[in-house]
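1. I'll drop the sequence and a predicted model, then ask my questions.
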Amino acid sequence: MALSTPTLRTSRLLLRPFTDADAEPLFALQSDAHVLRYWDSPPWTERTRAEQFIARCREMAAEGSGVRVAIERDSAFLGWCTLNSWNPDFRSASLGYCLGEAAWGHGYATEAAGALLGWAFDTLDLNRVQAEADTRNAPSARVLEKLGFRLEGTLREDCIVNGVVSDSWVFGLLRRERRT
């Protein structure tokens, strides 16, 4: 079942489907080694990765496995947020987000993820959403905790990026625990 990528507004942000015009700012975000230092893959080095990412956003929605939205404020691209691995039988999905350093510390990740979660719980009738964060990334863990996620465990040495081995925390949010 195909999903329609939503356009959502919060008090400060616009979450919308990706367009081809997002390729440049997306590449700048995903090629920033500092932003991606806790990511599960290395920074991009080829601009074609941005076009592939945007195409994959459309494929996810078309195949019904999830949605990925661009986050902007005052027409400036801040990053993106995704709800993927949607399983209608289990009524579950995974949440992820990535914002540029200039957007850190302003509550944008919490605001954007909260809006996408609200849409997802209501539209997809979710019971559970899972998210992961590198154990060195305390700010991301705080975002998830503000949204009501609970730390459920640690995946030991689950990522090796450029020779660096890292652990990930697994967080879960159940419908009945959701903060609205």
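-> Yep, it's here. Note that the structure is a prediction, hence the values are computed from the model and not measured. Numbering: from 1, shown residues only.
2. this protein: helices as residue ranges?
-> In the chain, the helices defined using DSSP state H lie at 23-30, 48-63, 108-124, 138-146.
3. show me the one of these that comes nearest residue 169.
-> helix 138-146 (6.2 Å; C-beta to C-beta). For every residue, glycine as well, the C-beta is placed using N, CA and C.
4. what sits up against the closest one?
-> Contact with helix 138-146 is made by 38, 97, 104-105, 109-110, 113, 131, 133-134, 151, 169, 171, 173, as judged by C-beta atoms under 8 Å, 6 or more residues apart in numbering.
5. quick one on the thing from earlier: residue 74: which of the helices of the chain is closest?
-> helix 108-124 (11.9 Å).
6. same question for the closest one: list its buried residues.
-> Of all the residues in helix 108-124, those buried under the rule 16 or more other C-beta atoms under 10 Å are 108-117, 119-121, 124.
7. which one of those is nearest residue 50?
-> Using C-beta to C-beta, the buried residues of helix 108-124 come closest to residue 50 at residue 112, 19.5 Å.
8. does the closest one touch residue 81 like I think?
-> Yes - here residue 112 reaches residue 81: they are 4.7 Å apart, a contact under C-beta atoms under 8 Å.
9. tell me, what's touching those two both at once?
-> Jointly contacting residue 112 and residue 81 under the rule C-beta under 8 Å, 6+ apart are 15, 69, 71, 97.
10. rewinding a little: among the helices of the chain, which is nearest residue 2?
-> Comparing the helices of the chain by C-beta to C-beta, helix 48-63 comes nearest, at 5.3 Å.
11. pull out the buried residues from that closest one.
-> Buried-residue list, helix 48-63, by 16+ other C-beta under 10 Å: 49-50, 53-54, 57, 60-61.
12. could I get the residues you listed as TSV with distance to residue 144?
-> Output for those, formatted as TSV (distance: C-beta to C-beta, whole Å):
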residue	distance to residue 144
49	26
50	26
53	23
54	26
57	22
60	21
61	24
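13. so which of these is the closest to residue 3?
-> residue 61 (4.8 Å).
14. how near is the residue of the chain most remote from its centre to residue 179?
-> Outermost residue of the chain with respect to the C-alpha centroid, by C-alpha atoms, centre = their mean, is residue 163; its distance is 24.3 Å. With distances taken as C-beta to C-beta, to the nearest Å, residue 163 is found 39 Å from residue 179.
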